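# quick one: sequence plus predicted model below, questions after.
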Amino acid sequence: MESKLWTKDYTLLTVTTILSAIGGEAITFPLSLLVFDETGSPFLSAIIFVASFAPDIILAVLIAPLVEKWNKKKLIIVLDTLLLVLYLFLAVYMYFLSFNYMIMLLFTLITSTISIIYSLAYQAWLPDIIPVGFEQKGNAVGSTIYPFITMAMAPLSAWAYKNLGIANIFFFVAGLLAISIVLEAQIKCHKAKTEDEQVPSWRSAFSAYKNDLVEGVHYFRSIKGLRNIGVYMGVTNGCSAGITQMTQYYFQTHPVLNVIMLGTLKTAQMLGRVIGGVLQYRFEIPPQKRFAFTKLVYLLYDSIDTILLFLPFPAMLGLKFTTGGLGTSSAIIRSTAYQNFLPRNMRARVASINSLLFSVGMATFYLLSGLLAEYLSYRTVAVGFGVFQLIAMYLLIIRPGKDNRVIYEADRTLAADACE
């Protein structure tokens with residue numbers, strides 16, 4: 001058993017995660033600005049966003065049993081290579097040609113399909129690389145990376161969008177993917193294949209796949225806590241995404257506020273997340289206190305979402321900083337609890353169901369927010385979504401507390417569950 005967190009494999013995976021975060025933030029924010037600037041329509045912008053989650057809804061649960069059996073390292077390298085080719089293609093296209101809504105929609109669907117498979121493989125592989133006993137610290141590092149990168153990249157990506165152009169940003173992301181592929185190839189840790197992990201022959205593949213799929217769904221349905229948390233995360237993330245879009249449109253159309261200030265707002269939230277992640281790395285919350293802490297975070301987060309657009313900009317900055325720190329802390333606790341509670345052969349399947357619920361929530365509320373924003377003020381839509389997620393929090397998290405507590409208080413004790 002490893003006696004430290006920062007093994008060679010964990011370090012390499014962390015570096016590739018950093019590169020992925022830089023690339024994702026470098027392109028995601030500018031793309032959302034580009035689509036709204038080119039179309040001027042919240043609804044058309046929402047369709048692009050929903051398209052990014054459509055593959056999750058259709059494929060996540062269906063592909064998970066196969067991901068469980070495939071070599072995670074090889075799969076991730078292949079997927080990154082495909083993304084590299086796609087980003088290079090779109091970089092060249094945007095360099096020589098102009099914006100095309102349908103091309104952007106198709107690109108979103110293809111890259112999102114690749115990304116959902118990548119995400120499932122990554123979530124199934126990561127617990128094998130984190131040494132036993134370092135789960136909360138390992139998850140704290142991962143959860144801190146994205147906020148830290150977003151904090152640094154939000155204003156930079158807004159600046160790059162205005163000054164460098166979208167084509168050069170695509171070239172930059174392609175370069176980061178090339179570096180990631182080289183580093184991923186150096187990672188040694190992966191479980192040796194057993195008879196159960198061999199990809200079945202085509203003759204028996206459908207039967208084995210169907211059994212794995214049914215087993216995963218039955219397992220998820222049989223545990224009330226998993227169901228409650230999964231549905232709530234779908235609702236609250238969907239509502240929060242809708243509120244985030246209303247915030248973007250509000251800033252883009254406000255006579256005083258602008259996209260640089262919007263980037264600063266994101267930076268404040270991500271700074272809070274970085275600090276929250278550092279605190280989780282340094283100080284571990286005892287299992288018996290995790291659930292109470294989580295409930296408090298959800299209450300504060302949802303309440304702040306509800307009133308955010310009615311506040312002056314300095315107050316927005318302060319509250320986004322606060323929710324960033326609390327949100328990262330609860331996310332780390334939830335990830336640690338899942339990894340401790342779930343058996344190894346169920347991680348990808350449960351992750352796929354959570355991804356499905358997350359994607360359905362994101363797609364539904366984001367599309368609904370875009371539609372409502374055609375007729376209502378951005379602030380009115382934000383308030384409605386904020387109230388709805390507060391109601392969901394009470395019904396799915398607070399009331400069935402006994403069922404949910406079992407998940408949050410789980411401990412991982414089997415050393416054989418990690419790579420030696």
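Perfect, thanks for sending it. Numbering: from 1, shown residues only.
# CA only for contacts and neighbour counts going forward, please
Fine.
# contacts only, for F99.
Counting by C-alpha atoms under 8 Å, 6 or more residues apart in numbering, F99 touches E38.
# what pLDDT is listed against it?
According to the prediction, F99 has pLDDT 83.
# could you do the one 4 residues further on as well?
I103 is assigned 89 on the pLDDT scale.
# how close does it sit to V360?
According to C-alpha to C-alpha, to the nearest Å, I103 and V360 sit 23 Å apart.
# pLDDT of stretch 294-308, averaged?
92.
# what's next to that stretch, contact-wise?
Under C-alpha under 8 Å, 6+ apart, the answer for stretch 294-308 is 236, 240, 243, 316, 319, 323, 326-327, 330, 382-387, 389-390, 393, 397-398.
# export only the CA atoms of it, formatted as PDB.
Extracted C-alpha coordinates of stretch 294-308, given in PDB (Å, rounded to 0.1, in the frame of the first residue of the first chain):
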ATOM      1  CA  THR A 294     -23.800  19.500   3.400                       C
ATOM      2  CA  LYS A 295     -27.300  20.500   4.400                       C
ATOM      3  CA  LEU A 296     -26.100  23.900   5.500                       C
ATOM      4  CA  VAL A 297     -24.100  24.400   2.300                       C
ATOM      5  CA  TYR A 298     -27.100  23.600   0.100                       C
ATOM      6  CA  LEU A 299     -29.400  26.000   2.000                       C
ATOM      7  CA  LEU A 300     -26.900  28.900   1.700                       C
ATOM      8  CA  TYR A 301     -26.000  28.200  -1.900                       C
ATOM      9  CA  ASP A 302     -29.600  28.000  -3.100                       C
ATOM     10  CA  SER A 303     -30.600  31.100  -1.200                       C
ATOM     11  CA  ILE A 304     -27.800  33.200  -2.600                       C
ATOM     12  CA  ASP A 305     -28.600  32.000  -6.100                       C
ATOM     13  CA  THR A 306     -32.200  33.300  -5.600                       C
ATOM     14  CA  ILE A 307     -31.300  36.900  -4.700                       C
ATOM     15  CA  LEU A 308     -28.000  37.400  -6.600                       C
END
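# so how far is it off the chain centroid?
19 Å (C-alpha atoms, centre = their mean, to the nearest Å).
# confidence score at the nearest residue to Y95 once chain neighbours are set aside?
Among residues not flanking Y95 along the chain, A167 sits closest, at 5.1 Å (C-alpha to C-alpha, 6 or more residues apart in numbering). On the pLDDT scale, A167 is placed at 87.
# relative to L97, how far out is A167?
Taken as C-alpha to C-alpha, the span from A167 to L97 is 10 Å.
# these two: which is more packed in?
A167 (20 against 11; other C-alpha atoms under 10 Å).
# which element is that one on?
Per DSSP states H and E, A167 falls inside helix 166-184.
# got the buried residues for that helix?
166-177, 180-181, 183-184 (16 or more other C-alpha atoms under 10 Å).
# so which of those is the closest to Y366?
I166 (23.8 Å; C-alpha to C-alpha).
# picking up where we left off before, got the contact list for the residue nearest to Y95?
90-95.
# could you dump these into JSON lines with distance to F107 added?
Below are the contacts of A167 laid out as JSON lines (distance: C-alpha to C-alpha, whole Å):
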{"residue": "L90", "distance to F107": "8"}
{"residue": "A91", "distance to F107": "12"}
{"residue": "V92", "distance to F107": "13"}
{"residue": "Y93", "distance to F107": "11"}
{"residue": "M94", "distance to F107": "12"}
{"residue": "Y95", "distance to F107": "15"}
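# which of those residues count as buried?
For those, buried by 16+ other C-alpha under 10 Å: 90-91, 94-95.
# same question for the helix or strand harbouring V78, mean pLDDT?
Using DSSP H and E, V78 sits within helix 72-96. Regarding helix 72-96, the rounded mean pLDDT is 89.
# just checking, what packs against that helix?
helix 101-129, helix 166-184 (3 or more C-alpha pairs under 8 Å, 6 or more residues apart in numbering; DSSP states H and E).
# show me what it is in contact with.
With C-alpha under 8 Å, 6+ apart as the criterion, helix 72-96 contacts 107, 111, 114-115, 118, 121-122, 124-125, 166-171, 173-175, 177-178, 180-181, 184-185, 187, 190.
# could you do stretch 22-29 as well?
By C-alpha under 8 Å, 6+ apart, the list of residues contacting stretch 22-29 reads 149-150, 153-154, 156-158, 169-170, 172-173, 176-177.
# give me that answer again for 6 Å
Residues from elsewhere that reach stretch 22-29, judged by C-alpha atoms under 6 Å, 6 or more residues apart in numbering: 149, 157, 173.
# same thing with stretch 5-15?
In contact with stretch 5-15 (C-alpha under 6 Å, 6+ apart) are residues 129, 187.
# quick check: buried residues in that stretch?
5, 9-10, 12-15.
# kindly report the same for stretch 219-236.
220, 224-236.
# what do you get for stretch 385-398?
Result for stretch 385-398 [16+ other C-alpha under 10 Å]: buried residues 385-387, 389-390, 392-394, 396-397.
# check stretch 43-58 too.
In stretch 43-58, counting by 16+ other C-alpha under 10 Å, buried: 43-57.
# in helices only, show me the residues you listed.
Judged by DSSP state H, helices contain the following of the buried residues of stretch 43-58: 43-51, 54-57.
# which residues in the stretch 301-420 of the chain form helices?
Assigned by DSSP state H, counting those that start in this stretch, the helices in the stretch 301-420 of the chain fall at 313-341, 347-372, 378-393, 401-408.
# got those as CSV, with distance to T267 and mean pLDDT columns?
Converted to CSV, the helices of the stretch 301-420 of the chain look like this (distance: least, C-alpha to C-alpha, whole Å; pLDDT from 0 to 100):
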stretch, distance to T267, mean pLDDT
helix 313-341, 8, 86
helix 347-372, 22, 82
helix 378-393, 20, 94
helix 401-408, 29, 90
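# out of the ones you listed, deepest packed?
Mean neighbour count (mean count of other C-alpha atoms under 10 Å) peaks for helix 347-372 among these, with a mean of 24.
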